[in-house]
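Peer 1: quick one, what's the 3D model for this:
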Amino acid sequence: MQKMHVYELDYLRAVAMLGVLGIHTGAFAIGSPHVNIHFFLMFDILTRFSVPIFFFISAFGLFLNRSQKPFNYQDFLKRRLHVVFIPYVAWSLIYLLHQSLSEGNPAVLTPGNISTALFYGLGSYHLYFLVILLWFYLLMPLWQRWLRIIVRHPLAWLTLLYILQTGFNYYSVTLLNTATGSDWLDTALKYRLNYWVLHYLFIFLLGAVCANFYEAFTGLLTRYRHAIVITGIISLVSVAAYYYHLIYDLQYTCEMASSTLHQLHPLGVFYTVAMTLLLFSLFRRYIVPWQESAPAVALRNLGANSYVVYLVHPLVMQYLAQWIDAGPYERSIPVSLGFYGAAALFSYLISRALYKGQLFFPFFRYLTGSPPLARPQPKQMTRHM
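Peer 2: Residues are numbered from 1 along each chain as shown. Prediction:
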């Protein structure tokens with residue numbers, strides 16, 4: 001049976017990737033002595049759904065066609081090894097080597113530091129996402145068992161999981177004591193946000209449930225379209241209102257607000273779920289029917305390259321920032337917008353170059369997650385009569 005392709009996921013990947021670039025553009029803009037709080041809201045706060053929505057997309061794709069064939073855990077992990085683990089290790093080493101050379105610090109490349117960086121996703125600030133994703137893959141049999149339980153009463157289970165998720169995240173981020181007196185345990189707790197899958201369990205299982213009930217899910221999106229739009233707007237306004245409360249009433253800096261109002265905050269969880277459903281609904285209604293329109297093609301192309309764009313963009317942003325800071329420029333709104341556009345463009349072009357280049361340099365596949373080329377089969381000798 002042919003696999004179903006859900007085009008909405010392509011567009012979600014593209015928007016999520018643009019959102020990740022927005023978050024890191026916000027980090028660039030915060031370096032200005034006169035950071036604009038409204039610009040920071042748009043680029044750093046309202047884009048915070050971007051990382052968790054990738055877990056929704058991953059789970060949706062994993063479980064969409066899962067019932068069509070028996071699950072082979074060994075084959076599953078073998079495919080994930082090529083797609084995620086090998087690129088994760090390769091890019092971690094690239095970033096660590098770059099850090100060592102740029103800082104003149106050979107200690108970065110010691111075996112102990114490399115192993116710690118690989119386990120906790122410390123090669124670069126964005127690689128933790130792949131660590132969490134790998135843990136989701138390793139625990140795939142567990143999620144399958146849970147899903148068989150959840151699908152019996154999906155609404156009740158998802159409601160309970162949502163409540164537990166917000167409570168767990170609040171405890172982990174706000175209340176958990178990370179000073180135990182043990183070096184290894186303190187390190188494990190310090191970097192818990194980099195590898196604890198429980199922080200993103202609800203959004204992952206939501207993607208699995210929506211894929212499992214695909215027809216019913218899309219039917220609900222159509223039936224409750226207006227309610228989904230209203231909920232999305234309410235979530236956006238709520239996040240913005242709380243952000244301005246932190247800035248104006250509590251006198252938080254933008255950096256402090258960003259550290260408080262993130263995707264693991266209770267409002268952040270609500271915002272992520274609302275925006276996931278809203279975007280899926282909007283894409284299904286307005287973009288999917290017009291597959292060959294310019295916006296649809298552009299989003300599909302970006303979505304297809306989003307993985308490598310995600311992997312390479314911090315390097316691009318670092319050198320763009322150095323070039324901007326070396327010139328007579330301030331990190332103003334126009335400069336930050338140019339920074340965002342240039343980072344997206346150059347990261348996309350590098351992604352395309354790596355994908356195209358793997359035809360001539362097969363080792364590029366270690367950087368893109370592409371499967372190895374199939375070995376050509378030897379030709380059969382035929383005897384002419």
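Peer 1: enumerate the positions of the helix or strand where residue 86 lies that are buried.
Peer 2: If you go by DSSP states H and E, residue 86 is part of helix 86-103. By 16 or more other Cβ atoms under 10 Å, the buried positions in helix 86-103 come out as 86, 87, 88, 90, 91, 92, 94, 95, 96, 98, 100. The way it works is simple: take the backbone N, C-alpha and C, and place the C-beta from them, glycine included.
Peer 1: thought the last one was touching residue 113?
Peer 2: When you say that, I think you mean residue 100. No. Using Cβ atoms under 8 Å, residue 100 is not in contact with residue 113, being 9.4 Å away.
Peer 1: and the residue nearest the centre of the chain?
Peer 2: Central residue of the chain (Cα atoms, centre = their mean): residue 51, 3.6 Å from the mean position.
Peer 1: if I look at it, how far off is residue 128?
Peer 2: With distances taken as Cβ to Cβ, to the nearest Å, residue 51 is found 9 Å from residue 128.
Peer 1: residue 278 now?
Peer 2: From residue 278 to residue 128 the distance is 26 Å (Cβ to Cβ).
Peer 1: out of those two, which sits in the busier spot?
Peer 2: More crowded of residue 278 and residue 128, by other Cβ atoms under 10 Å: residue 278, with 21 against 18.
Peer 1: nearest residue to that one in space, please, no chain neighbours.
Peer 2: residue 232 (3.4 Å; Cβ to Cβ, 6 or more residues apart in numbering).
Peer 1: same thing with residue 263?
Peer 2: Per Cβ to Cβ, 6+ apart, closest to residue 263 is residue 48, 4.6 Å.
Peer 1: please list all residues in contact with residue 154.
Peer 2: Each residue near residue 154 by Cβ atoms under 8 Å, 6 or more residues apart in numbering is listed here: 209, 213.
Peer 1: before we move on, the earlier item: what does the helix or strand encompassing the residue nearest to the centre of the chain contact?
Peer 2: Counting by DSSP H and E, the element that carries residue 51 is helix 50-64. By Cβ under 8 Å, 6+ apart, the residues outside helix 50-64 that reach it are 3-4, 6, 9, 12-13, 15-20, 22-23, 129, 132-133, 136, 140, 143, 147, 200, 203-208, 210-212, 214, 263, 272, 275-276, 279.
Peer 1: quick one: the host helix or strand of residue 306 to chain centroid distance?
Peer 2: Assessed by DSSP H and E, residue 306 sits inside helix 294-326. Offset of helix 294-326 from its chain centre (Cα atoms, centre = their mean, to the nearest Å): 14 Å.
Peer 1: again with stretch 209-221
Peer 2: Offset of stretch 209-221 from its chain centre (Cα atoms, centre = their mean): 22 Å.
Peer 1: next, the buried residues of that stretch.
Peer 2: 209, 210, 211, 212, 217, 218, 220, 221.
Peer 1: quick revisit: in the helix or strand following the helix holding residue 51, which residues are buried?
Peer 2: Counting by DSSP H and E, the next helix or strand C-terminal to helix 50-64 is helix 73-80. Residues residue 80 are the ones in helix 73-80 that count as buried (16+ other Cβ under 10 Å).
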